[in-house]
Structure formats: structure tokens, C-alpha cells
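Asker: Okay, sequence plus prediction incoming.
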Amino acid sequence: MFFSLPTWALAIVIFGVVFLGCVVGAVLGQLHRDREERLREPLGIVQGAILGVVGLILAFGLTLAIDRYENRRAAVVDDANAIGSTYLRAQTLREPERTQSIGLLRQYGTLSLQLAHEVPDSGAMNRTVDAQTEVQRALWSLAGKALARAPQDTAPRLYVESLNEMIDQRTTRVSSLRNRIPSDVLALELVGSAIALALLTLYLELLGRGRVPIGLAAVLVGSLLFVTFDLDRPHRGLINVPAGPLVSLQHELAEPTAAAAP
């Protein structure tokens with residue numbers, strides 16, 4: 001639900017719900033100002049307990065988002081390394097598999113970089129993943145021919161090993177892009193934060209305190225929620241997974257091969 005929203009719409013939803021909770025609390029506080037003596041103590045206990053629980057939920061959600069973000073960053077680095085290693089070992093193959101494999105690996109690297117700029121589970125991403133799968137099949141076919149031609153040589157065996165790792169790493173990377181925090185957890189964070197701020201506002205209204213601290217608390221909680229939600233939106237929100245390793249790989253693949261054909 002939250003993943004499909006544009007960034008501006010997500011910000012409006014988060015801050016709108018948070019400030020709505022504050023408004024509801026302020027209105028209730030004004031309506032029950034005459035019952036301040038009876039409500040102050042029990043309400044203070046309840047709002048303190050709920051604030052503590054919501055704080056734990058927010059910390060839990062932020063931890064989940066950061067873990068997934070770091071996994072996606074690591075997957076990009078591992079993917080670039082796997083493609084680079086396979087490209088280097090492809091240079092040690094005999095012709096014609098050598099030239100054909102190098103050309104396909106350059107195409108595969110371009111698709112991998114393209115994947116870094118596409119929204120997960122979108123039609124464009126699915127088409128890119130399908131294109132990579134076709135290139136993988138072609139590379140594996142060439143690797144089988146190279147291995148059958150020289151089953152005792154070391155180069156084809158090492159190349160097949162690297163190619164297998166590259167294929168596995170693509171699966172890991174795509175899975176990390178699709179592994180998001182459940183929407184129920186995010187909704188619980190948002191609603192829980194709004195309720196906690198509503199109770200805090202109600203409590204302060206009963207005490208007749210200023211509203212500036214409530215506004216600051218609402219901005220802080222809303223910003224924390226937005227960062228948590230945005231971290232879980234790779235290539236869509238403000239905090240994106242950097243594609244630097246794949247950009248560097250593209251430059252390496254464009255260079256002339258370092259090793260001559262055997």
C-alpha cells in the first residue's frame with residue numbers, strides 16, 4: 001500500500017495522520033478541561049505507557065528498514081564483483097566462446113545497471129530480469145561448450161564456477177529488492193504514533209501547557225516515520241541504493257580485454 005505511493009503523497013499521508021492525531025487530542029483536551037483533576041493522573045500514566053510502546057515499535061521498524069537497505073547495498077557490490085570476476089575469467093577461454101561470452105557479459109552488465117534504476121516489481125523491472133535470464137542461459141550454453149571442448153583445462157572450470165556465482169548473486173539481489181517491511185507493520189507504526197501523540201496532546205491540554213512542544217514532537221515523529229518508510233522504497237524514494245559499483249563496472253567492461261585469447 002505505502003510502497004505504491006509517490007514520495008510527495010507518502011509525506012502527506014504520514015504527516016497528515018500524525019498532525020490529525022494532535023488535532024484530535026487538542027480538541028478532546030478542550031472539551032474535557034473541566035475534568036482535569038480526575039483525568040490528569042490516569043491519563044498521564046496511560047499516555048506515558050503508550051509512548052514507551054510506540055517508541056519501541058518505531059525503533060523496531062527503523063531497524064528492519066536499515067537492515068534491508070544495507071542488504072540491498074551489499075547485494076549491488078556483490079553483483080558487480082561477481083560480474084567482474086566472470087568477465088575476467090571469460091578472457092581465458094578459447095575462441096569462439098571467449099568473444100561471444102565477453103559480448104554477452106557486457107550486455108549483462110548493462111542490464112544489471114539498468115536494474116538499479118527501476119522500481120521493484122514494476123513491469124520495467126520484470127522485463128529487465130527476464131532479459132538477464134536469457135543472457136544467463138546463453139552464457140551457460142557457451143560455458144558448457146567450452147567445458148566439453150577442453151574438459152581437462154582449468155580455465156573453463158574456473159569460468160563455470162564464477163558464472164554460477166554470478167547467476168546466484170542475481171537471484172539474491174532481486175530477492176533483496178522485493179523483500180520489504182510488511183504493510184501491516186508500517187500501518188501499526190503510523191496509527192500507533194498518531195494515537196500516542198493524541199494522548200500526549202490531550203494530557204498537555206488538560207494541564208494548560210503550550211502547544212509548541214507538541215508541534216516539535218509531531219515533526220520529529222513524522223520525520224522518523226518518513227525515513228523508515230522511505231528506506232524501504234529502493235529506487236523510488238529520496239533514499240536510494242547507490243549504483244556506484246555497477247557504474248564502475250561498466251567502465252571496466254568497456255575497456256579492451258586485459259588477457260589475450262589462449
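Answerer: Yes, it's here.
Asker: so where is the stretch 151-262 of the chain shaky, pLDDT-wise?
Answerer: Within the stretch 151-262 of the chain, the ranges that satisfy pLDDT under 70 run 208-210, 259-261.
Asker: One more pass at 90, please.
Answerer: Filtered on pLDDT under 90, the stretch 151-262 of the chain yields the residue ranges 151-156, 178-189, 192-221, 230-242, 254-262.
Asker: which strands and helices sit next to the one helix or strand Leu216 maps to?
Answerer: According to DSSP states H and E, Leu216 maps onto helix 212-231. Other helices and strands packing on helix 212-231, by 3 or more CB pairs under 8 Å, 6 or more residues apart in numbering; DSSP states H and E, are helix 7-31, helix 36-90, helix 183-207. The C-beta positions use only the backbone N, C-alpha and C, and glycine is treated the same way.
Asker: ok, and which of the ones you listed has the densest surroundings?
Answerer: helix 183-207 (a mean of 20; mean count of other CB atoms under 10 Å).
Asker: Who are the packing partners of it?
Answerer: Going by 3+ CB pairs under 8 Å, 6+ apart, helix 183-207 lies up against helix 7-31, helix 36-90, helix 212-231.
Asker: With just CA atoms, put the last one into PDB.
Answerer: Think helix 212-231. Output in PDB follows, covering the C-alpha atoms of helix 212-231 (Å, rounded to 0.1, in the frame of the first residue of the first chain):
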ATOM      1  CA  VAL A 212       5.000  24.200  20.700                       C
ATOM      2  CA  PRO A 213       6.400  21.000  22.300                       C
ATOM      3  CA  ILE A 214       3.500  19.100  20.600                       C
ATOM      4  CA  GLY A 215       4.300  20.600  17.200                       C
ATOM      5  CA  LEU A 216       8.000  19.700  17.600                       C
ATOM      6  CA  ALA A 217       7.100  16.100  18.700                       C
ATOM      7  CA  ALA A 218       4.800  15.700  15.700                       C
ATOM      8  CA  VAL A 219       7.500  16.900  13.300                       C
ATOM      9  CA  LEU A 220      10.100  14.600  14.900                       C
ATOM     10  CA  VAL A 221       7.800  11.500  14.900                       C
ATOM     11  CA  GLY A 222       6.600  12.200  11.300                       C
ATOM     12  CA  SER A 223      10.200  12.600  10.100                       C
ATOM     13  CA  LEU A 224      11.200   9.300  11.800                       C
ATOM     14  CA  LEU A 225       8.300   7.600  10.200                       C
ATOM     15  CA  PHE A 226       9.000   9.100   6.700                       C
ATOM     16  CA  VAL A 227      12.700   7.900   6.900                       C
ATOM     17  CA  THR A 228      11.600   4.400   7.900                       C
ATOM     18  CA  PHE A 229       9.100   4.200   5.100                       C
ATOM     19  CA  ASP A 230      11.500   5.700   2.500                       C
ATOM     20  CA  LEU A 231      14.300   3.400   3.400                       C
END
